[in-house]
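S.K.: got a predicted structure plus its sequence, pasted below:
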Amino acid sequence: MHRTGELYGQFETLEQQKDTATLGMWVFLVTEVLFFGGMFMTYTINRHAYAAAFGVGGNTLDLKLGGGNTVVLIMSSLTMAMAVWSAQVGKKQLVTLFLILTLLLGGVFLGVKAIEYKQKYDHHLIPGQSFDITFCSNNPAPCGISAEDAAKEKTEIAEAFAKDPNLNSHAQLYFSLYFGMTGLHALHMIIGAGLLLWLIKEAVAKRFGPGYNTPVEVTGLYWHFVDIVWIYLFPLLYLIDRHN
Amino acid sequence: MSEHIASPKLYFGIFLALMICTAATVWAAYINLGQFNIVIALAIATLKATLVVLFFMHAKYSPGRTQLVIFAAVFWLGIMLALTLSDYTTRHELTQQQAHPESLVARRVAP
């Protein structure tokens, strides 16, 4: 990685050098599109085959946490775009500020995700021996839901069992995909956070300005891509069957 | 030729549009539209993704070859989704016909 922005021998201009770096990141993102695309494909096929179980599974997710996280992640995309802008116009201190804000928002997202995972563990929704889709409707107190909501959930689950006798197995399929997809997304966020830490270190040394900001721009592309993955995960995982 | 610099005003505008879309998708999810719920959810998500790609990721101001690479990603993803779904969504009908071949014969004989 060229760290100071000097022109390398194989390029004619700095602009060409930067365009090449951006194109390289986009080519990597194409492979990521198809990688995540495979998971979305798997999800779609299973949702098509086991609609009742996926509906019940999706409705157990916490919409406030998921929706809040969507807002947090889009905000982090805004701060990332602003970091690139700050470098382009030469406001070197703002670059550091916006990168730190992006990292913080990314941290908030991952923290909320951890709370959600813990909740799934408490609610017996981790696929395996102790998985029980009816747990919260039978034990409202440890799940922290009202008796009224539990009764509503009970009828919903009973109706789904009538459509699909293997509901408990197929709901585990939903949660396997939920953990697989959100886990892979979170892994991308963690890698992004690592890149941001390095960028912040370089930004503090005032390396990024109008003449040289390729690493900020390229990391930004990656960060926005991870945001796009969540833009699709949120409706598909959290919102699919709310109207019932 | 110097690079295009988008203004913070534009970025905040895009951010606001993304927030409105997020609110709209949650709101629409609670209305029972049958099969169209998923269509609307995916349409809004695609609108949001397009805004992010065009403005936050500067695709609108990128050279043509970069735009071609982005287009290729979407195109190949489309091939994967369309061809796989055209298989999976029509399997049920085929297995039905194999289980009850007489229904096929009956249909053929009927005027």
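M.R.: Arrived safely, thanks for sending.
S.K.: what are the structural domain limits within chain B?
M.R.: Listed domain ranges for chain B are B:1-61, B:63-111 (source: automatic domain parsing).
S.K.: of these, flag the one that's most buried.
M.R.: Per-stretch averages of neighbours, counted by mean count of other Cβ atoms under 10 Å in any protein chain shown, single out domain B:1-61 among the domains of chain B, with a mean of 16. For glycine as for every other residue, the C-beta is placed from the backbone atoms N, C-alpha and C.
S.K.: quick check: mean pLDDT of that domain?
M.R.: On average, the pLDDT along domain B:1-61 is 93.
S.K.: do it and chain A meet?
M.R.: Yes. Under the criterion of Cβ under 8 Å from any Cβ of the partner chain, domain B:1-61 makes contact with chain A via B:1-3, B:5-8, B:11-12, B:14-15, B:18-19, B:22, B:25-26, B:29-33, B:37-38, B:41-42, B:44-45, B:48-49, B:52-53, B:55-58.
S.K.: so where's chain A uncertain?
M.R.: Within chain A, the set of residues satisfying pLDDT under 70 comprises A:1-4.
S.K.: tell me where it has helices.
M.R.: A:14-49, A:51-59, A:63-88, A:92-122, A:135-138, A:140-143, A:147-163, A:167-204, A:214-238 (DSSP state H).
S.K.: indicate which one of these is closest to B:His92.
M.R.: Counting by Cβ to Cβ, B:His92 lies closest to helix A:14-49 out of the helices of chain A; the figure is 9.2 Å.
S.K.: anything in the closest one near chain B?
M.R.: Yes. Residues of helix A:14-49 contacting chain B under Cβ under 8 Å from any Cβ: A:15, A:18-19, A:22-23, A:26-27, A:29-30, A:33-34, A:37-38, A:40-41, A:44-45, A:48-49.
S.K.: name the helices or strands packed onto that helix?
M.R.: When contacts are defined as 3 or more Cβ pairs under 8 Å, 6 or more residues apart in numbering or on different chains; DSSP states H and E, helix A:14-49 sits against helix A:167-204, helix A:214-238, helix B:64-88.
S.K.: let's have those in TSV, adding distance to A:Glu148.
M.R.: Below are the helices and strands packed on helix A:14-49 laid out as TSV (distance: least, Cβ to Cβ, whole Å):
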stretch	distance to A:Glu148
helix A:167-204	22
helix A:214-238	22
helix B:64-88	39
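S.K.: between these, which one is nearest to A:Gln88?
M.R.: Comparing the helices and strands packed on helix A:14-49 against A:Gln88 with Cβ to Cβ, the closest turns out to be helix A:214-238 (8.5 Å).
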